[in-house]
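Participant: My questions concern the predicted model and sequence given below.
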Amino acid sequence: VEEEVDKCIECGYCEHKCPSRDITATPRRRIVIRRALKKLQVEGDTANYKLLLNQYQYDVLDTCAVDGLCATACPVDINTGNLIKRLRRENHSVAANNIALLIAKQFKGVEWGARAALKMGFGINKLFGKNSMTNITKGIKKVIPAMPLWSTQIGYPPDCSVIKLKKQADAPGAKSTVVYFPSCISRMLGTYEGKEKNIMETFMSICNKSGIDVVIMDNVSGSCCSQIFSSKGFNDAYRFTANNIVERLWNSTMEGSLPVVIDISSCAYTLHNIRPILNEENKYKFDQLSILDSVDFLHDMVMPTSIVKQKKSNIVLHPVCSLEKMKTVNKFIRLAKHFADDVTVPAYAGCCGMAGDRGFFFPGLTASATFHEAQEVKAAGYESYYSSTKTCEMAMSEAVNKNYESILFLVDESL
């Protein structure tokens with residue numbers, strides 16, 4: 001059928017890792033469906049081929065989170081997420097690819113428009129009730145299936161003045177300097193209920209308390225790690241954005257002499273893996289860059305010299321897929337244990353199915369993916385709830401009905 005599919009022995013070891021296992025299909029089942037489609041095609045059974053192909057769109061393509069955790073359990077290293085990304089690429093029309101590339105090139109304007117839309121949606125909810133935007137977007141989605149659904153976890157877009165007014169922040173007695181790349185997710189969704197600071201202000205506060213100088217990445221508005229285009233299979237837009245961000249980081253880090261810190265784990269993972277799509281010049285630049293996830297930064301640069309003024313008593317963690325793939329879950333746990341007395345990682349912790357923004361289009365996926373972990377967490381009481389990727393925090397907050405926050409808040413409130 002194809003390289004990834006042909007290696008599969010249908011052992012099923014991947015299935016417990018898959019966020020869509022209880023709603024549509026698993027990696028094994030997706031591969032079985034690919035084989036069945038090929039068999040029907042070879043046999044000339046056109047009617048059943050078309051029927052299965054139609055059903056396959058939702059079960060196989062739409063509800064795959066492409067998180068790649070299946071590969072961590074597969075004895076022959078099949079990453080079904082990469083297969084689905086390729087199939088999505090092949091399904092896109094020339095027009096769709098051109099639109100995606102235009103969005104990538106005009107991302108600064110797109111970001112401005114998204115922030116304006118979020119402000120308007122927040123205002124509508126304030127005037128007509130908290131479920132107004134959810135109902136409006138559900139209505140629009142019936143007519144326009146590509147419409148994302150509003151989440152009750154969406155807050156008012158954060159104030160970005162902290163990254164606009166200061167290109168450099170000098171901390172007293174600074175021991176080191178980092179370049180801060182506030183992700184587009186943080187710039188649009190970085191507010192947290194009940195918190196005075198947004199995620200960007202919290203990062204700057206930690207650096208100030210820890211004696212770390214911060215340089216804000218050049219031309220930060222409109223910058224993106226490229227994950228949104230990669231996961232959706234828009235290759236031209238992915239290539240453009242990946243090369244663009246490497247050039248920006250190269251200039252901001254004084255040609256790789258300063259480390260880059262990004263505040264969202266999934267974005268850090270994307271940046272770590274963009275090399276194959278880069279041109280030769282940017283491959284050289286990429287190889288000189290040091291890119292840190294917020295967990296790496298907090299664990300390696302903040303924790304060793306930090307003086308903990310107050311610890312949380314009892315917290316629970318949601319380690320996102322990106323941490324597992326970057327093999328930094330242990331850092332995440334050690335970091336939490338440094339700033340809290342009692343730290344719990346649920347036995348059923350796994351991919352929440354949010355997959356960046358997929359949960360906004362298919363909320364049933366996140367509801368199914370988070371069910372067992374949420375039941376476990378709700379059965380116990382915790383002082384605070386932490387993760388390291390905003391959209392995953394939103395999915396878990398929705399499932400548990402408690403506010404999941406960035407691990408940055410734990411550290412800032414403890415220093």
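Facilitator: Great, that's in hand.

Participant: pull the CA atoms of the biggest helix by length in the chain into PDB?
Facilitator: Ranked by residue count under DSSP state H, the longest helix found in the chain is helix 107-128. In PDB, the C-alpha atoms belonging to helix 107-128 read as follows (Å, rounded to 0.1, in the frame of the first residue of the first chain):
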ATOM      1  CA  PHE A 107       0.600  36.100   9.100                       C
ATOM      2  CA  LYS A 108       1.000  39.500  10.900                       C
ATOM      3  CA  GLY A 109      -2.300  40.700   9.500                       C
ATOM      4  CA  VAL A 110      -3.900  37.300  10.200                       C
ATOM      5  CA  GLU A 111      -2.800  37.500  13.800                       C
ATOM      6  CA  TRP A 112      -4.200  41.000  14.100                       C
ATOM      7  CA  GLY A 113      -7.500  39.800  12.600                       C
ATOM      8  CA  ALA A 114      -7.600  36.800  15.000                       C
ATOM      9  CA  ARG A 115      -7.100  39.000  18.000                       C
ATOM     10  CA  ALA A 116      -9.800  41.300  16.800                       C
ATOM     11  CA  ALA A 117     -12.200  38.400  16.300                       C
ATOM     12  CA  LEU A 118     -11.400  37.000  19.800                       C
ATOM     13  CA  LYS A 119     -12.100  40.400  21.300                       C
ATOM     14  CA  MET A 120     -15.400  40.700  19.500                       C
ATOM     15  CA  GLY A 121     -16.400  37.100  20.500                       C
ATOM     16  CA  PHE A 122     -15.500  37.900  24.100                       C
ATOM     17  CA  GLY A 123     -17.600  41.000  24.000                       C
ATOM     18  CA  ILE A 124     -20.600  39.100  22.500                       C
ATOM     19  CA  ASN A 125     -20.400  36.600  25.300                       C
ATOM     20  CA  LYS A 126     -20.200  39.300  27.900                       C
ATOM     21  CA  LEU A 127     -23.300  41.000  26.400                       C
ATOM     22  CA  PHE A 128     -25.500  38.000  25.600                       C
END
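
Participant: Which element is encountered next along the chain beyond the lowest-mean-pLDDT helix or strand in the chain?
Facilitator: Taking mean pLDDT, DSSP states H and E as the measure, the helices and strands of the chain show their lowest mean at strand 168-169, namely a mean of 54. Scanning forward in sequence from strand 168-169, with DSSP states H and E defining helices and strands, the next element found is strand 176-181.

Participant: Let's see the pLDDT reported for residue 165.
Facilitator: Reported pLDDT at residue 165 in the predicted model: 63.

Participant: thinking again about what came up before, what residues does the longest helix of the chain touch?
Facilitator: Applying Cβ atoms under 8 Å, 6 or more residues apart in numbering, the external contacts of helix 107-128 come out as 103, 131-133, 136, 150, 154-157, 184, 187-189, 221-224, 241. Heads up, the C-betas are built off the backbone N, CA and C, glycines and all.

Participant: hmm, try it at 6 Å
Facilitator: Outside helix 107-128, the residues within contact range by Cβ atoms under 6 Å, 6 or more residues apart in numbering are 103, 132, 133, 156, 157, 188, 221, 222, 224.
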